[in-house]
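K.L.:
Structure, please.
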Amino acid sequence: MKKEKPKFRIAGRLIGQNYSPLVVAEIGINHNGNFDRAIQMIDDAYAAGCECVKFQSHIIENEMIPNNVIPGNAKESIWKIMKRCAFSEKQEFALKKYVESREMFYLCTPFSRAAAERLGKMKVKAYKIGSGECNNYPLVKHIASYQKPVILSTGMNDLKSIYPAVKILRLARVSFALMHCTSIYPTPYKNVRLGALKEMARHFPDAVLGLSDHSLGNYTCFAAVAYGASILEKHFTSDKHWPGPDVPISMDTSELKDLILGTRAIHAALGGSKKILKEERSTIHFAYASVVSLRDIRKGERLTKENIWVKRPGTGEIKAADFEKVLDQIAIKNIRRDSALKWGDFQ
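P.N.:
Residues are numbered from 1 along each chain as shown. The predicted model follows:
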């Protein structure tokens, strides 16, 4: 009996290899703390045909202690960046409501226990856990306690550190997806390592798989669909000239639309086997060749390459594939030039 491929549901949307890939537009902190920009990005994602946008929930004092650590893709400390970009609880409620008014669904990544609790009050349909929290097992366990589907990114983690997080999700009996990810901004193509998707499929056969991609362009996401990815996540912005550490690696509206249409097309093209389709029959009629007479052939004459050959269309009784079977046969009737031969024309 063939084993069913893993799947789960978010807001009524089935996600898994048997369904069109889910494209997640990661708005993240690309709004730079500007609520109106966040609304604009929601509108632009909707215009591109996107089903899901994702934000980040930062309650700074619960997330980190004051520090001067500067991320590799920024010029100021992570404390200052998050302090500027964090939305209030009221703003996050408003964004969720607006996303759902557009008939999309809202995802958000909590970076602290307080943020997870806030999202719980907001009644989010699922939780997204970022790569930095993949091995933050206390937070993973707390999020799993909400009994909502979990999408877990795995950048900066190997199989050894992913296993405990997956064990937590399994014990909580929540459906989950694992996102392969490389936490380099931007990610060189040689470091994307799509082969990890196959490796993760072997080690976590009950997980829906996806790619959280930080490389430039849509190439790697397209290829990931063929590797079994059912969720594709990329940073998104309405304007690549806006400030922000993630904007340079973000897709814009036209690229988002291309990603959605492209991944659907690739998914539709997967699978199948090498056989002749019934829809190809009409093409066969003109594209195949049949065995035909090159000149008038008299009864009793031997059939040779001088008086028969293969030509289109393929509507003749004897196709080109059987040409050798016809050679050296004796005609038992007169055959006119440019006639498609029949098996009854010769001995």
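
K.L.:
domains in the chain, as residue ranges please.
P.N.:
7-269, 278-345 (automatic domain parsing).

K.L.:
any chance you could map the strands in this structure?
P.N.:
Ranges of strands within the chain are 7-10, 13-16, 22-28, 52-57, 105-110, 127-129, 150-153, 176-181, 208-213, 231-235, 290-293, 308-311, based on DSSP state E.

K.L.:
Export the ones you listed as CSV, with columns for distance to Phe35, mean pLDDT and mean neighbour count.
P.N.:
(C-beta placed from N, C-alpha, C; glycine too.) Putting the strands of the chain into CSV (distance: least, Cβ to Cβ, whole Å; pLDDT from 0 to 100; neighbours: other Cβ atoms under 10 Å) gives the following:
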stretch, distance to Phe35, mean pLDDT, mean neighbour count
strand 7-10, 25, 96, 17
strand 13-16, 27, 98, 18
strand 22-28, 12, 98, 26
strand 52-57, 11, 98, 24
strand 105-110, 15, 98, 24
strand 127-129, 21, 98, 26
strand 150-153, 25, 98, 26
strand 176-181, 27, 98, 26
strand 208-213, 25, 98, 27
strand 231-235, 19, 98, 24
strand 290-293, 70, 98, 21
strand 308-311, 71, 98, 18
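
K.L.:
Out of the ones you listed, which is closest to Tyr163?
P.N.:
Nearest of the strands of the chain to Tyr163, taken as Cβ to Cβ: strand 176-181 at 10.9 Å.

K.L.:
which regions of the chain sit below the pLDDT cut-off?
P.N.:
For the chain, applying pLDDT under 70 flags the ranges 1-2.

K.L.:
ok, 50 please
P.N.:
Low-confidence segments of the chain (pLDDT under 50): none present.

K.L.:
just the helices in it please.
P.N.:
35-47, 60-63, 78-85, 89-101, 113-121, 137-144, 159-171, 195-203, 219-226, 253-269, 281-287, 323-326 (DSSP state H).

K.L.:
Between those, which one is closest to Pro71.
P.N.:
Minimum separation from Pro71 across the helices of the chain (Cβ to Cβ) falls at helix 78-85, 5.7 Å.

K.L.:
Report the angle between the closest one and strand 22-28.
P.N.:
Helix 78-85 runs at 100 degrees relative to strand 22-28, counting by axes from the mean of the first three to the mean of the last three Cα atoms, to 10 degrees.

K.L.:
tell me what helix 78-85 is packed against?
P.N.:
Judged by 3 or more Cβ pairs under 8 Å, 6 or more residues apart in numbering; DSSP states H and E, helix 78-85 is in contact with helix 60-63.

K.L.:
so how far is the helix it packs on off the chain centroid?
P.N.:
33 Å (Cα atoms, centre = their mean, to the nearest Å).

K.L.:
What residues of that helix count as buried?
P.N.:
Neighbour-count burial for helix 60-63 flags 60, 63 (criterion: 16 or more other Cβ atoms under 10 Å).

K.L.:
Identify the residues contacting that helix?
P.N.:
79, 82-83, 86, 111-115 (Cβ atoms under 8 Å, 6 or more residues apart in numbering).

K.L.:
same check, this time on stretch 299-314
P.N.:
So stretch 299-314 is contacted by 284-295, 297, 320, 323, 326-334, 341, 346 (Cβ under 8 Å, 6+ apart).

K.L.:
how about the helices of the chain in CSV, adding distance to Gly12?
P.N.:
Listed next are the helices of the chain as CSV, based on distance: least, Cβ to Cβ, whole Å:
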stretch, distance to Gly12
helix 35-47, 17
helix 60-63, 31
helix 78-85, 31
helix 89-101, 12
helix 113-121, 19
helix 137-144, 21
helix 159-171, 21
helix 195-203, 26
helix 219-226, 22
helix 253-269, 18
helix 281-287, 39
helix 323-326, 57
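
K.L.:
I'd like the contacts of helix 60-63 as CSV, with neighbour count and distance to Arg302 appended.
P.N.:
Converted to CSV, the contacts of helix 60-63 look like this (neighbours: other Cβ atoms under 10 Å; distance: Cβ to Cβ, whole Å):
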residue, neighbour count, distance to Arg302
Trp79, 17, 93
Met82, 18, 89
Lys83, 14, 94
Ala86, 19, 91
Phe111, 23, 86
Ser112, 20, 90
Arg113, 16, 91
Ala114, 17, 93
Ala115, 24, 88
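
K.L.:
Show me which of those residues is closest to Ser131.
P.N.:
Phe111 (11.4 Å).

K.L.:
from memory the closest one sits against Gly130, does it?
P.N.:
Yes: contact criterion Cβ atoms under 8 Å: Phe111 and Gly130 qualify, at 6.9 Å.
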